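Visitor: Provided below for reference: sequence and predicted model.
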Amino acid sequence: MAPTVLPTWQLRAAFARRLSAMYGTEVPAYTTLVEVAGQVNDTVMRAGGERAQRLGSIARVTAERHGAIRVGTPGELCRAARIFAALGMEPVGFYDLRDASASAVPVVSTAFRPVLPEELDRNPFRVFTSMLTPGDRRFFDADLEKRLGTFLERRQLFPPELLELAAHAEREAGLDEERAERFLTLAVAAFELSPEPVDRAWYAELEKVSAVAADIGGVTSTHINHLTPRVLDIDDLYRRMEERGITMIDRIQGPPHWDGPDVLLRQTSFRALAEPRTFREEDGSLATGSLRVRFGEVEARGIALSRAGRALYDRLVDGPVEEWTAHFPRTERQLAVDGLGFFTYEAVRDRPRDGRRPPDDPAGLLDGGWLAARPIVYEDFLPRSAAGIFQSNLTDPGARDSAQTGTHYDQHWMSEAIGRTVHDPFDLYAVQQGDSLARAERALGLTEESDA
C-alpha cells in the first residue's frame, strides 16, 4: 500500500496549528488573546449573520493566523524561504520599516503566504519576515557591521535535515506521514525561544542601536516574535482585553474606525512582556534576567485597495477623521466603480428579464443588477502599521545618525537575495479581479468565448 501523502496545504495548516500551540505555551497571554478574539467573533456573527462573513467565512477567520520572525542575513532569509515554500507560501510584498517609524527599526521585510485564492481559502497562514540591515550606516558603523556579520555567519538557524525535507516537500508537493511528522517537528522547534544563554554585553551593545537589532543579532537563534489571530471587531477586542487587565499599546494602527467599508488592515497588540532569560556575563558566569521582545498582536482585515485607492488612503490616514469621512468612499459600490478597491465579479443568473441589454460599463452592470461584486480581502501588510506596532513595544527608541546615507533595498534586491520572485500584491489582486470580470462578461455575452 502506498504511503499516505499530506499535500502542501495540509502541511501548512498543521504547521500553523502546532506553532499556535507552542506559542500559547510560551506566551500564555496569547491564549487569552485567541480566546477573546473568539468571543468577539461570536458576538459579531450573532449580530451580523451572513453579512459578517463578507470578507471570509467564520471558519477561515477562526483558523487564520500570521506569524512574524526576524533573520539577520540574506542567506538566512533564503533558507527561511525554502521552509515556507514547502508549505506553499511565496514571498509577497516588500516593506521597508527603516523610515516608517520614529524609532530605530533597521529592517526590511517581506511576507510569505499562499498566493492563489483557493489556497488562501484552504489555509491563509502568513509569516511576516524581517531582515536586519547591518550595512546601513545610519544605524551601524563599519566596526559593528563587521563584528555583527561575523556573529551571524557563525550561527545556524535551520538544521540541514529540515532544509532537505523542505526541498523534498516543495518538489513533491507534499510529504508522506513519517517525513511530514519529522518536518513539522523540526520546523516548529526552529521557531521556539531558545534556552541558550544570551551574551549580555553583546546584546546590550546592539540594544543601544535598536532593540530590534538586538533581538535579531544578539542571540544565536530566531523565534516567533508574535502570532496574530484575526478578529471581526478589533475595537471591541481592545476594550475587552483592557477589561481583563492586559495592557494594550496606545492605539489601533491603520484606518480609523468609522461606519464606511473596512479597508486594508487594522492592527493592535498587548505590550511586550518581560520574559525570563539566562545571560552570560563577561566573566563567563550565568545570571538570570529578562527581556521584552515578544508581544501579542491581533488584526482585522478589510478590502484590498488598488494603487489609486492606496494613494488616497496614504493621503488621508494621518489627517483628522473628518477628512477621512469627507473624502474616502462610503460604500463598496463607490470603491468598485471608482477603481479604488479590488472585487471579484459574478454574473447574476436570475436577474429578472426586462428586455434590456447589459451595458458595457461596470457601474451600469452593477446598478442594473447584471453583476454582483464581492470584495477581495486584503491579505498583506502596511509598513507604517508594522513599524508602529514594533515601536509601541520598544522601551528605548534606539539610535539613528540621520546625517548618514541609508543603504538601498527594494523588491528587486529582495527577489535576488531570496532567489525567488517577490510578488507585487497589487498585481495578484488585479489578476484575481480581472479573471472574475472576464468570466462574468462572457456569461453575459459581452465578450467572445476564448479558444484558449
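Guide: In hand now; what should we look at? Residues are numbered from 1 along each chain as shown.
Visitor: partner residues bridging the residue nearest to the spatial centre of the chain?
Guide: Centroid check for the chain by CA atoms, centre = their mean gives residue 128 as the closest residue, at 4.6 Å. According to DSSP bridges, the residues that bridge with residue 128 are residue 68, residue 111.
Visitor: That one touches residue 68, doesn't it?
Guide: Yes. Using CB atoms under 8 Å, residue 128 is in contact with residue 68, at 4.4 Å. To be clear about C-beta, it is placed using only N, CA and C from the backbone, and glycine gets the same treatment.
Visitor: Low-confidence stretches in this structure?
Guide: With pLDDT under 70 as the threshold, the chain has low-confidence stretches at 1-2, 101-103, 355, 390-398, 448-452.
Visitor: mind redoing it with 50?
Guide: Flagging of the chain using pLDDT under 50 yields the residue ranges 450-452.
Visitor: which SS class is the closest residue to residue 110 other than its chain neighbours?
Guide: By the measure of CB to CB, 6 or more residues apart in numbering, the closest residue to residue 110 outside its immediate chain neighbours is residue 91, 4.5 Å from it. State at residue 91, reduced to three classes by DSSP: H, G, I helix; E, B strand; the rest coil: strand.
Visitor: List the residues that contact residue 91.
Guide: When contacts are counted by CB atoms under 8 Å, 6 or more residues apart in numbering, residue 91 touches 81, 110-112, 414-415, 418, 420-423.
Visitor: biggest helix in the protein, by residue count?
Guide: Residue-count comparison of every helix in the chain, with assignments taken from DSSP state H, identifies helix 28-48 as the longest.
Visitor: what distance separates that helix from the centre of its chain?
Guide: A distance of 20 Å separates the C-alpha centroid of helix 28-48 from that of its chain, computed with CA atoms, centre = their mean, to the nearest Å.
Visitor: Would you indicate which residues of that helix are buried?
Guide: Within helix 28-48, the residues that qualify as buried are 29-30, 32-34, 36-37, 40-41, 44-45, counting by 16 or more other CB atoms under 10 Å.
Visitor: pretty sure residue 254 is touching residue 266, no?
Guide: Yes. With contacts defined as CB under 8 Å, residue 254 counts as touching residue 266 at a distance of 4.0 Å.
Visitor: Now list the buried members of the contacts of residue 91.
Guide: The neighbour-count test (16+ other CB under 10 Å) marks 81, 110-112, 414-415, 418, 420, 422-423 as buried among the contacts of residue 91.
Visitor: Which ones among those residues map onto strands?
Guide: The members of those that map onto strands under DSSP state E are 110-112.
Visitor: Just name the closest of those to residue 153, please.
Guide: Distances from residue 153 to these, taken as CB to CB, are shortest for residue 110 (21.7 Å).
Visitor: I figured that closest one was touching residue 422, is that so?
Guide: Yes. Under the criterion of CB under 8 Å, residue 110 is in contact with residue 422, at a separation of 5.7 Å.
Visitor: shared neighbours of those two, which are they?
Guide: Both residue 110 and residue 422 are contacted by 91-94, 414, under the criterion CB under 8 Å, 6+ apart.
Visitor: mind giving me a markdown table with those residues and columns for distance to residue 300?
Guide: Formatted as a markdown table, the entries for the shared contacts of residue 110 and residue 422 read as follows, by distance: CB to CB, whole Å:
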| residue | distance to residue 300 |
| --- | --- |
| 91 | 24 |
| 92 | 20 |
| 93 | 19 |
| 94 | 24 |
| 414 | 27 |
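Visitor: Among these, which pair sits farthest apart?
Guide: 92 and 414 (10.9 Å).
Visitor: Can you pull the residues that touch both of these two?
Guide: Shared contacts of residue 92 and residue 414, defined by CB under 8 Å, 6+ apart, are found at 110, 422.
Visitor: ok, back up a step: let me see the contact set for the residue nearest to the centre of the chain.
Guide: With contacts taken as CB under 8 Å, 6+ apart, residue 128 has the following neighbours: 66-69, 95, 109, 111, 381, 386.
Visitor: switch to 7 Å and redo it
Guide: Residues in contact with residue 128, defined by CB atoms under 7 Å, 6 or more residues apart in numbering, are 66, 68, 109, 111, 381, 386.
Visitor: Of those - the most surrounded one?
Guide: Looking at those with neighbours defined as other CB atoms under 10 Å, the largest count falls to residue 111 at 27 neighbours.
Visitor: Name the residues of the helix or strand containing residue 431 that are buried.
Guide: Secondary structure here is read from DSSP states H and E; on that basis residue 431 sits in helix 425-443. Using 16+ other CB under 10 Å as the test for burial, helix 425-443 gives 425-426, 428-430, 432-433, 436-437, 440-441, 443.
Visitor: and those, which two are the farthest apart?
Guide: 425 and 443 (27.6 Å).
Visitor: If you count contacts, what does the longest helix of the chain end up packed against?
Guide: helix 8-26, helix 58-63, strand 226-229, helix 234-243, strand 296-301 (3 or more CB pairs under 7 Å, 6 or more residues apart in numbering; DSSP states H and E).
Visitor: Turn these into CSV, including mean neighbour count.
Guide: As requested, the helices and strands packed on helix 28-48 are arranged in CSV below (neighbours: other CB atoms under 10 Å):
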stretch, mean neighbour count
helix 8-26, 19
helix 58-63, 16
strand 226-229, 24
helix 234-243, 18
strand 296-301, 26
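Visitor: and residue 187, which of the ones you listed is closest to it?
Guide: Between residue 187 and those, the shortest gap by CB to CB is with helix 8-26, which sits at 6.0 Å.
Visitor: Just want the angle from the closest one to helix 28-48.
Guide: With axes from the mean of the first three to the mean of the last three CA atoms, to 10 degrees applied, the angle from helix 8-26 to helix 28-48 works out at 120 degrees.
Visitor: And the contacts of helix 8-26?
Guide: Contacting residues not belonging to helix 8-26 are listed as 30-31, 65, 67, 86-89, 119, 122-123, 125, 169, 173-175, 180, 184, 187-188, 191-193, 224, 227 [CB under 7 Å, 6+ apart].
Visitor: For the stretch 251-400 of the chain, which segments are assigned as strands?
Guide: In the stretch 251-400 of the chain, the strands defined using DSSP state E, counting those that start in this stretch lie at 265-270, 274-280, 286-292, 296-301, 343-347, 371-375.
Visitor: and which of the shared contacts of residue 110 and residue 422 is nearest residue 339?
Guide: Scanning those for proximity to residue 339, where the rule is CB to CB, the winner is residue 93, at 20.8 Å.
Visitor: Take the buried residues of helix 425-443 and write them to JSON lines, including distance to residue 76.
Guide: As requested, these are exported to JSON lines (distance: CB to CB, whole Å):
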{"residue": "425", "distance to residue 76": "23"}
{"residue": "426", "distance to residue 76": "28"}
{"residue": "428", "distance to residue 76": "26"}
{"residue": "429", "distance to residue 76": "29"}
{"residue": "430", "distance to residue 76": "32"}
{"residue": "432", "distance to residue 76": "32"}
{"residue": "433", "distance to residue 76": "35"}
{"residue": "436", "distance to residue 76": "38"}
{"residue": "437", "distance to residue 76": "41"}
{"residue": "440", "distance to residue 76": "44"}
{"residue": "441", "distance to residue 76": "46"}
{"residue": "443", "distance to residue 76": "48"}
